[in-house]
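> With the input below, show me the fold.
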Amino acid sequence: MNVIKDFLLQVALIAMPVFGHQMPWEKNKKAIMTVLWGIALVACMTFPVGYGMQFRLDIRIIPLLLGFLYGGIGTGLSLTALLLLFRLYLGLDVGFYTTMLTALCGIPPMVLFRQAFLKGDLRRRMLIACSLAGFYCLMGIGWSALLRGFALDNLKVQAVQLLCVLLTTWVAVRLNDFVHEVQFVRMEAERLRTISALTSLFAHEIRNPMQATRGFLQLLDDPSLSEKKKQYIRLSIGELDRANAIIGDYLSFGKPASAQTSIAELAHELNRAANVMQPYVANQGVSIRTLAYPACKASVNPQQFGQLVINLLKNAIESMPEGGEIELSCMPDGDSAVIRVKDEGVGMTPEQLERIGSPFYSLKESGTGLGMIVCYQIVKQFGGKMTVESEYGSGTDVTVRLPLIEEEKRIE
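Got it, this is the predicted structure:
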């Protein structure tokens, strides 16, 4: 019973870096987290579970593992060095050699599986973390039996340690995800309040020159013009009207959404948005490849959906200064219509990706970050979900999932 109590004390020592990882500090965050994980690691080793005459067990693997997975290879290697130095300070004995050999075997998988951990969903992250923690513990048990000799009583305590490590790892990853989600919801509410306060300041001034431009375009629509030029004028007026409606949406950001939705064929809307962007992409040396299935239908506001796609296309185009191809697709996936905008641009670092959608944060020099906030808001209004995946130097992949309207439901 005392062994379990000692392990519970070790679990309590892990809580500090788990909650500290979600603190809103931006400057030197990695250094601060390295210190917190280091403190937890040293604390676990300072208050170990003692049994027998010379055996000491702890769950130092947890802060070490979290440091590698969340902090990066540099953080993980720093914690490894701290682990070995502190264990050497405790004594140059068989335990030190066991620790060193266990680290040599258990740390390489952490480095190899870190990217898979970061890109996976919650279930996959918990599976990877628990597998890595279990492998590290098994290596420790194996080296301990090899260097100290096998004893059944020792194996029983080591089995308790293994179960405690697996359970603590599962809780730590799940808790980290939950705290991150709560923080995201809080920040999202703050973003919307900021947008609501800002938009009314400039929206009215933008409308005045837009109305003047619309009036002159109408005057230019002379019957003697060619049909192609008339089409350009009508398209320009339509886009000005759409922009005017968008400004109206900005002004009502803090109010409940009231836009009327209808069942729309998403393939038609994607093609329309791609056609609107053709003059822009031609000047940038970019091409748009559209792949859309007619079976994709969803309940959306066509005007807002067009705004969503154009915003995403514009971001993709601006991320490819050297040109390239954008993949614009829509296909059914179970009960969802999946819209993807995939580019071959510069991509984003994990730090940049984490801040995407924040007001005033933009990768463009003159950007405000409002475009992505609008996209998130529109998707949420349609009852969908938008995710962004990106890797620096390899492009960005934006996925929008909307509830799919099946044909038989549409007829009813």
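> where do the strands sit along the stretch 251-400 of the chain?
All strands of the stretch 251-400 of the chain, identified by DSSP state E, counting those that start in this stretch, fall at 262-265, 286-292, 297-300, 324-333, 336-342, 385-391, 395-403.
> of those, which approaches residue 112 most closely?
Closest of those to residue 112 is strand 385-391, at 16.9 Å (criterion: C-beta to C-beta). Using the backbone N, CA and C atoms, a C-beta is placed for each residue, glycine as well.
> how much does that closest one deviate in direction from strand 336-342?
For strand 385-391 against strand 336-342, the angle by axes from the mean of the first three to the mean of the last three C-alpha atoms, to 10 degrees is 30 degrees.
> Which elements pack onto strand 385-391?
Where contact means 3 or more C-beta pairs under 8 Å, 6 or more residues apart in numbering; DSSP states H and E, strand 385-391 is packed against helix 350-354, helix 370-381, strand 395-403.
> For these, please prepare TSV with the additional fields distance to residue 307 and mean pLDDT.
TSV is the format used below for the helices and strands packed on strand 385-391 (distance: least, C-beta to C-beta, whole Å; pLDDT from 0 to 100):
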stretch	distance to residue 307	mean pLDDT
helix 350-354	23	78
helix 370-381	7	82
strand 395-403	13	92
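> just so I know, which of the ones you listed lies nearest residue 127?
Comparing these by C-beta to C-beta, helix 350-354 comes nearest, at 20.7 Å.
> Give me the helices and strands touching the closest one, please.
Going by 3+ C-beta pairs under 8 Å, 6+ apart, helix 350-354 lies up against strand 385-391.
> The strand it packs on: which residues count as buried?
By neighbour count on 16 or more other C-beta atoms under 10 Å, the buried set for strand 385-391 is 386, 388, 390.
> neighbouring strands for it, and are they parallel or not?
strand 395-403 (antiparallel) (DSSP bridges).
> residue contacts, residue 96?
Residues near residue 96 by C-beta atoms under 8 Å, 6 or more residues apart in numbering: 84, 87-88, 90.
> mind running it again at 6 Å?
87-88 (C-beta atoms under 6 Å, 6 or more residues apart in numbering).
> Going forward, the N-terminal residue is numbered 863.
Got it, first residue is 863 now, which makes that one residue 958.
> Contacts for stretch 945-955 next, please.
Here stretch 945-955 has contacts from 904, 907, 958, 961, using C-beta under 6 Å, 6+ apart.
> Recalculate using a threshold of 7 Å.
903-904, 907, 922, 926, 957-958, 961-962, 965 (C-beta atoms under 7 Å, 6 or more residues apart in numbering).
> Also stretch 1199-1217?
Stretch 1199-1217 is contacted from outside by 1128, 1158, 1160, 1174-1175, 1178, 1181-1182, 1186-1193, 1223, 1225, 1250, 1252-1264, 1266, using C-beta under 7 Å, 6+ apart.
> what's the angle from the helix ranked longest in the chain to helix 1232-1243?
Taking DSSP state H as the criterion, the chain has its longest helix at helix 1014-1082. Interaxial angle, helix 1014-1082 versus helix 1232-1243 (the same axes, to 10 degrees): 110 degrees.
> Which strands and helices lie in contact with helix 1014-1082?
Of the remaining helices and strands, those touching helix 1014-1082 by 3 or more C-beta pairs under 7 Å, 6 or more residues apart in numbering; DSSP states H and E are helix 864-882, strand 917-919, helix 923-928, helix 984-1010, helix 1089-1113, helix 1232-1243.
> Centre of the chain to the last one, how far?
Okay, so that is helix 1232-1243. Centroid displacement of helix 1232-1243 relative to its chain, using C-alpha atoms, centre = their mean, to the nearest Å, is 15 Å.
> what do you get for the fifth one?
Using C-alpha atoms, centre = their mean, the distance from the centre of helix 1089-1113 to the centre of the chain it belongs to is 34 Å.
> For the residue positioned nearest the centre of the chain, give its distance to residue 1042.
What sits nearest the mean C-alpha location of the chain, by C-alpha atoms, centre = their mean, is residue 1216, with 5.8 Å. Residue 1216 sits 10 Å away from residue 1042 when distances are taken as C-beta to C-beta, to the nearest Å.
> what sits against residue 1036?
By C-beta under 7 Å, 6+ apart, residue 1036 lies in contact with residue 988.
> so where is the stretch 1063-1212 of the chain shaky, pLDDT-wise?
1063-1067, 1107-1108, 1110-1121 (pLDDT under 70).
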